[in-house]
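A.B. asks: Kindly generate the corresponding structure for this input.
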Amino acid sequence: MIKDIIKASEDKMKKTLTVLHSEFATMKAGRANPTMLDRIQVDYYGSMCPLNQVANISAPEPRLLVITPWEKSLLKEIEKAILKSDLGINPTNDGTIIRLLVPELTEETRKNLVKNVKKAGEEAKVALRSIRRDSNDKVKALKKDGEISEDQIKKAEEDIQKITDSYVKEIDKMVADKEKEIMTV
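C.D. replies: Below is the predicted model:
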């Protein structure tokens, strides 16, 4: 019973790390990376689809992304979606492909990106603490039902805390790595 609670909390914490990792991947660090466009949704015949499901995205040069839509009729929709996004990059449409030139990051832009990275890291830590609290509550509920002893509760809470601490360290490492990547000129 306790093992199930601990396993479930660890699985949720892993998912939190996965979400943070994918969020960091969409943050540009001065280099063109196709994952920067993962959050962009395109109107495809009345329904919203991720850009990577309606076009091929490549990075032929360090600061250039090339988007090749599978249907030429999507060029305008893709262009609109990019302009509406928070990327801050103007697309260049030549009638067959769209080019995105990723600008060099200024010092101010880098600092703002680092702030966003730290904010995302903090939000992930809050999510971990919430998972820890929920798991501890479930363990305490077992005590009320008379299924486990006080010692078992203490041991379970310690195990949950150890897992939480290890994931917090992992988040700190991810934030530090991403910060270093952004601040490297």
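A.B. asks: Could you measure from T106 over to N112?
C.D. replies: 9 Å (CB to CB, to the nearest Å). Placement of C-beta: from N, CA and C, glycine included.
A.B. asks: Ignore what I typed, I meant D137.
C.D. replies: On the measure of CB to CB, D137 and N112 end up 38 Å apart.
A.B. asks: what about T106 and N112, which has more around it?
C.D. replies: N112 (13 against 10; other CB atoms under 10 Å).
A.B. asks: got the contact list for L17?
C.D. replies: For L17, the contact set (CB atoms under 8 Å, 6 or more residues apart in numbering) comprises A124, Y167, E170, I171, M174.
A.B. asks: can you put those residues in JSON lines and add pLDDT?
C.D. replies: Output for those, formatted as JSON lines (pLDDT from 0 to 100):
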{"residue": "A124", "pLDDT": "94"}
{"residue": "Y167", "pLDDT": "94"}
{"residue": "E170", "pLDDT": "95"}
{"residue": "I171", "pLDDT": "94"}
{"residue": "M174", "pLDDT": "92"}
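A.B. asks: what about stretch 24-35, how long is it end to end?
C.D. replies: 10 Å (CA to CA, to the nearest Å).
A.B. asks: same deal with stretch 71-87?
C.D. replies: 23 Å.
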